[in-house]
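# from the sequence below, what's the structure:
(one chain, ligands or ions: 1)
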Amino acid sequence: MPQLPTTQATLAQLDAKLIDCRACPRLVNWREQVAASGKRAYAGQQYWARPVPGWGDPQASIVILGLAPAAHGGNRTGRIFTGDRSGDFLFAALHRVGLARLPTSAHAEDGQQLHGVRMMAAVRCAPPANKPSPLERDTCAGWLDAELALLRPRLRVVVALGAFAWRAGLSALARQGIDIPRPRPRFAHAAQVQLGPVTQLASYHPSQQNTFTGVLTPSMLDQVLTTARALATVCLPPAP
Ligand code: SF4
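As a prediction, the model looks like this:
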């Protein structure tokens with residue numbers, strides 16, 4: 001099991017513990033194997049090859065929840081949704097709706113900033129074929145719970161990207177003590193469910209499989225993020 005902080009840690013203390021986690025042997029092996037073999041386009045780059053922490057505004061009222069870091073994206077750059085096509089699509093949308101400083105997220109030192117938003121993955125290490133096992137999902141849930149607990153006082157919106165994140169978000173909010181309806185609300189693009197003080201919204205995942213085929217268009221994602229922004233507006237800076 002992961003070595004979670006035993007006291008009410010800060011986000012920085014949580015991240016410092018997280019990046020040393022090796023609780024899932026298959027994922028540890030995969031993240032390091034991918035780093036060792038690399039990709040021609042990233043020749044010469046040192047991969048992060050560790051768990052990828054949540055990133056963004058420590059005072060966030062919006063959490064964007066993904067599945068897991070991409071093998072050559074977050075697992076390379078060390079920042080979630082950074083350095084891959086999914087991230088390109090997502091950050092462009094965040095910028096259009098005023099939640100990100102820049103329309104791109106290329107690497108960890110690129111000057112990007114999120115406004116009122118923190119993004120994180122339900123599983124913090126890149127899995128083979130983007131498919132963590134149920135055991136790996138459950139093993140990693142403690143890190144998600146710990147981060148959400150620290151954000152909870154200001155948290156108003158969870159934007160779940162894809163069905164895996166939708167289910168993980170509901171389970172995580174239930175573990176925070178929030179009542180979740182039974183049967184559990186089902187995932188659909190633009191689904192919205194009020195869970196106590198938190199609204200969970202859904203979007204199709206901005207994977208190339210969805211964005212290249214038009215299943216998810218820029219305007220569809222903009223609409224979800226605009227709703228998130230409106231719901232969390234009390235905690236956000238004025239729109240630019
Ligand atoms: Fe640790 Fe989560 Fe990575 Fe498993 S997936 S090794 S629990 S950080």
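# now do R85 against the ligand, distance only.
For R85, the distance to the ligand equals 22 Å [C-beta to the nearest ligand atom, to the nearest Å]. Every C-beta, even on glycine, is put in place using the N, C-alpha and C of the backbone.
# close to the ligand: what parts of this structure are there?
Neighbours of the ligand within the chain, by C-beta under 6 Å from any ligand atom: 2, 18, 21-24, 27-28, 51, 123-125, 136, 139-140, 143.
# may I have the beta-bridge partners of Q192?
L201 (DSSP bridges).
# tell me the pLDDT of it.
Model confidence at Q192, given as pLDDT, is 98.
# can you pull the contacts of the nearest residue to M220 once chain neighbours are set aside?
Once flanking residues are discounted, M220 sits nearest to H189: 6.6 Å by C-beta to C-beta, 6 or more residues apart in numbering. Counting by C-beta atoms under 8 Å, 6 or more residues apart in numbering, H189 makes contact with A202, S203, Y204, L216, M220, V224.
# most surrounded residue in the residues you listed?
S203 (27 neighbours; other C-beta atoms under 10 Å).
# ok, back up a step: how about the secondary structure of the residue nearest to M220?
coil (DSSP: H, G, I helix; E, B strand; the rest coil).
# distance of it relative to G54?
24 Å (C-beta to C-beta, to the nearest Å).
# related to what we said a few turns ago, mark which of the residues of the chain next to the ligand are buried, thanks.
2, 18, 21, 23-24, 27-28, 51, 123-125, 136, 139-140, 143 (16 or more other C-beta atoms under 10 Å).
# what's next to the longest helix along the chain, contact-wise?
The longest helix of the chain (DSSP state H) is helix 134-151. Residues outside helix 134-151 that contact it (C-beta under 8 Å, 6+ apart): 1-2, 4-5, 8-11, 14, 18, 21, 23-24, 26-27, 51, 54, 60, 63, 65, 118, 120, 122-125, 127, 132, 155, 168, 171-173, 175-176.
# for stretch 93-110, same thing?
So stretch 93-110 is contacted by 62, 77-79, 81-83, 87-88, 90-92, 111-117, 206, 218, 221-222, 225-226, 229, 239-240 (C-beta under 8 Å, 6+ apart).
# could I have stretch 85-93 exported to PDB, CA atoms only?
The C-alpha coordinates for stretch 85-93 follow below in PDB (Å, rounded to 0.1, in the frame of the first residue of the first chain):
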ATOM      1  CA  ARG A  85      -2.100  15.800 -27.600                       C
ATOM      2  CA  SER A  86      -4.800  15.400 -25.000                       C
ATOM      3  CA  GLY A  87      -3.200  18.100 -22.900                       C
ATOM      4  CA  ASP A  88      -2.900  20.400 -26.000                       C
ATOM      5  CA  PHE A  89      -6.700  20.100 -26.500                       C
ATOM      6  CA  LEU A  90      -7.500  20.500 -22.900                       C
ATOM      7  CA  PHE A  91      -5.300  23.500 -22.200                       C
ATOM      8  CA  ALA A  92      -6.400  25.300 -25.300                       C
ATOM      9  CA  ALA A  93     -10.000  25.000 -24.000                       C
END
